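J.: this one's structure only:
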């Protein structure tokens, strides 16, 4: 809820009667590097977000699934905490890649992704060498987020249909789509 309200890459300190939101946790050089490490690819596939959400809610009625999700959130939070103190841009990117991989592992473990064309697209970028891939969005068209080393992202840009590529940038207010 807090992240949806504030956006951006922030740090939250939860105290007894308050939440302290730190507005800028990465410097401009780190943000610029991360921007070179990310890309959105349009799937050009429609799906109804309400249908997908209903399936997720149904799966999450299982106590094991809820426990699994809690572990993933805890692990992702620890990775983010480590990113806040990482010494190099490359370390930050690797930690963000791991967070993305955790999220994808959980989403794919729910066995709700039925579209073989989308999976072919994801497997294509993985074959190029991308480690951090996450399917996101629903409704009019979905996207998958890629995060990896800049040289891997550049290889994807050279091999994927240009009309499917969406440049993104982290800005202090959240994520900004440069063009679509």
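T.: Looks like it came in fine. Small disclaimer: the values here were computed from a predicted structure and weren't measured.
J.: quick one: low-confidence parts of this structure?
T.: The chain contains residues with pLDDT under 70 at 1-4, 46-53, 111-115, 137-141, 172-180.
J.: give me that answer again for 90
T.: For the chain, the stretches flagged by pLDDT under 90 are 1-14, 19-28, 42-77, 102-122, 134-144, 166-180.
J.: all helices for it, in order.
T.: In the chain, the segments counted as helices under DSSP state H are 2-6, 28-36, 49-59, 63-84, 89-109, 116-128, 150-159.
J.: just name the most buried of the ones you listed.
T.: Per residue and on average, the most neighbours among the helices of the chain fall to helix 89-109, with a mean of 18 (mean count of other CB atoms under 10 Å). In this view, the C-beta of every residue, glycine as well, is placed from N, C-alpha and C.
J.: contacts for that one next, please.
T.: Outside helix 89-109, the residues within contact range by CB atoms under 8 Å, 6 or more residues apart in numbering are 26, 29-30, 33-34, 37, 68-69, 72, 75-76, 79-80, 82-83, 86, 113, 131-135, 145, 147-149.
J.: same check on stretch 30-37?
T.: Stretch 30-37 has contacts (CB under 8 Å, 6+ apart) with 9, 26, 89, 92-93, 96-97, 147-150, 153, 168-170.
J.: so how far is it from its chain's centroid?
T.: In terms of CA atoms, centre = their mean, to the nearest Å, the centre of stretch 30-37 is found 14 Å from the chain centre.
J.: beta partners of the closest residue to residue 153 other than its chain neighbours?
T.: In space, residue 153 comes closest to residue 39 once its chain neighbours are excluded; the distance is 5.3 Å by CB to CB, 6 or more residues apart in numbering. When bridges are taken as DSSP bridges, the partners of residue 39 come out as residue 146.
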